[in-house]
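>>> Sequence below, structure please.
(one chain, ligands or ions: 1)
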Amino acid sequence: MNEFQKKLRNKYPDIYGKVGLSVKEGWFNLLDDLGSEIIEKIKKTKEFKVLQIKEKFGTLRFYVKIEAETDLKKEIMNSIHNAEKRSSIICEICGDENAKQYVNQNLHQYTACDKHIEDNSYTPVEYQQLIELRYNISIEKNKIENLLKESYPNISIEIENKYDKLRNNLKLFNKFKEKGITPKKNEYKIYVSFENSDNKDVFDYIINDNDINLTNLFEKIQKMI
Ligand SMILES: [Zn+2]
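Have a look, this model is predicted:
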């Protein structure tokens, strides 16, 4: 058990005595403050039991079983919810209260000050952009594939996006970021071949403004047949 966990246990045995703390040391003050805020109040409850304390998506989760009169229960739950909220700006490592949230390479969201940002991390906004990019690519691929299949049922298609490799590769996304390149969804390589035929071809294809117009591609494919 960590030193900070021991301290909390000794100081507030009724709160932290019987529960594991799956959080980092930076939240010591946060949990200490919460302890001092609710310690007198929980003595007036019929039942108060901490079920789990952990970090999820970079913020504190504090689960309790509580039985008390309505107002008292509300007060205690308010304190707990405020602490959970406050955790989103407190560095998990050092407790600095100007922290922000990031996503690391293992796609784990965490809260850190400037000093404790892990290498190759993303802000949640950047991460969101990556998720949207992936989503848009898969939607567009499906559309292209369906359009081609409708016109040429005997065709075999493989569609590659220039940024496909970003799928699970935040490191690569970071390289793009450093070079100031914003990956776009719209550059594709389309591999086409026909069943029972040796004809194979690959087409570079760019989609402008969400307008999937495959006329040019159809013309090229027509020549293959
Ligand atoms: Zn820090």
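
>>> For the helix or strand containing Tyr205, name the packing helices and strands.
Using DSSP states H and E, Tyr205 falls within strand 200-206. With contacts taken as 3 or more C-beta pairs under 8 Å, 6 or more residues apart in numbering; DSSP states H and E, strand 200-206 sits against strand 187-194, helix 215-224. The way it works is simple: take the backbone N, C-alpha and C, and place the C-beta from them, glycine included.

>>> how does it look with 6 Å?
strand 187-194 (3 or more C-beta pairs under 6 Å, 6 or more residues apart in numbering; DSSP states H and E).

>>> Give the buried residues for the strand it packs on.
By neighbour count with 16 or more other C-beta atoms under 10 Å, strand 187-194 contains the buried residues Tyr188, Ile190, Val192, Ser193, Phe194.

>>> The nearest residue to the first one once chain neighbours are set aside: how many residues sit nearby?
Meaning Tyr188. What sits nearest to Tyr188 in space, not counting adjacent residues and going by C-beta to C-beta, 6 or more residues apart in numbering, is Tyr205, at 4.5 Å. The burial count assigned to Tyr205 is 18, neighbours taken as other C-beta atoms under 10 Å.

>>> roughly how far apart are Tyr205 and Tyr152?
Using C-beta to C-beta, to the nearest Å, we find Tyr205 at a distance of 15 Å from Tyr152.

>>> in what helix or strand does Phe48 lie?
Phe48 belongs to strand 47-56, assigned by DSSP H and E.

>>> what separates that strand from the chain centre, distance-wise?
Between the centre of strand 47-56 and the centre of its chain there are 23 Å (C-alpha atoms, centre = their mean, to the nearest Å).
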